[in-house]
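*Asks:* just coords:
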């Protein structure tokens, strides 16, 4: 009888530990709009051109790219969970005549390798000092780290990009939150930061 009591007690301990672990592993999905959004193009000469930021939509093409960054991401780094279930994702919504499937083939997002400011242009990440110039026109980015959309919502024309590797390699691994650049192979119109809930956004679990 005493042995049965001990076994029963051990079972209760194991079950309690399992429940406790399940509770601690529970994560909450968070979504934020990118608060740094900047269009760069050889056609936009002024670094403070009003058409390059604060817009409801942006026309992208081979020579029109969108820099995006969530400035406050560093405040969440320690609590963000990245595993098979929990991913870090960037979402972009397209508009106009381009459907989600066509946009999925045309767009990719890539890790930016250099600090930039809202005064960025096609040739410069920022206008201060010699290190402000991009090493190549259109921004310095990790070409091998570019990703295409992993999911699409045709109804609202939203593309989802899994940027977990960028987060773990650059933001968490190197403390470099330089953001991402949206690169287009063909003309695509994407909604901007002044489009409300459909603005470029980042989603993660913590």
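*Replies:* Right, received. Where do you want to start? Quick caveat: nothing in here was measured; it's all calculated off a predicted structure. Numbers count the residues shown, from 1 in each chain.
*Asks:* tally of neighbours for the closest residue to residue 41 other than its chain neighbours?
*Replies:* The spatially closest residue to residue 41, leaving aside those adjacent along the chain, is residue 64, at 4.4 Å (C-beta to C-beta, 6 or more residues apart in numbering). (Each C-beta comes from the backbone N, C-alpha and C, glycine too.) The number of residues packed around residue 64, counting by other C-beta atoms under 10 Å, is 22.
*Asks:* same check on residue 114?
*Replies:* Close neighbours of residue 114, defined as other C-beta under 10 Å, add up to 17.
*Asks:* same check on residue 152?
*Replies:* Around residue 152 there are 17 other residues, counting by other C-beta under 10 Å.
*Asks:* who does the helix or strand it falls within pair with, and is each partner parallel or antiparallel?
*Replies:* Following DSSP states H and E, one finds residue 152 within strand 151-153. When pairs are called by DSSP bridges, strand 151-153 turns out to pair with strand 158-162 (antiparallel).
*Asks:* show me how far the following helix or strand past the strand it pairs with is from its chain's centre.
*Replies:* On the C-terminal side of strand 158-162, the closest following helix or strand by DSSP H and E is helix 164-166. A distance of 9 Å separates the centroid of the chain from that of helix 164-166, by C-alpha atoms, centre = their mean, to the nearest Å.
*Asks:* in a strand, residue 30, correct?
*Replies:* Yes. The assignment for residue 30 (DSSP: H, G, I helix; E, B strand; the rest coil) places it in a strand.
*Asks:* so it touches residue 204, yeah?
*Replies:* Yes. Residue 30 is in contact with residue 204 according to C-beta atoms under 8 Å; the separation is 5.8 Å.
*Asks:* more neighbours: the two, which one.
*Replies:* For residue 30 versus residue 204, the count of surrounding residues by other C-beta under 10 Å is larger for residue 204: 25 against 13.
*Asks:* residue 72: neighbouring residues, count only.
*Replies:* Here the count is done by other C-beta under 10 Å, and residue 72 has 10 residues near it.
*Asks:* name the helix or strand of the chain that has the lowest mean pLDDT.
*Replies:* Within the chain, judged by mean pLDDT, DSSP states H and E, the helix or strand with the poorest mean is helix 2-25; its value is a mean of 42.
*Asks:* need the residue closest to the centroid of this protein.
*Replies:* The structure's the chain has its C-alpha centroid closest to residue 90; by C-alpha atoms, centre = their mean the separation is 3.6 Å.
*Asks:* can you list the strands that the helix or strand containing that residue pairs with?
*Replies:* Of the helices and strands defined by DSSP H and E, residue 90 is found in strand 89-95. Within its sheet, strand 89-95 is paired with strand 158-162 (antiparallel), strand 188-191 (antiparallel), strand 201-205 (antiparallel), according to DSSP bridges.
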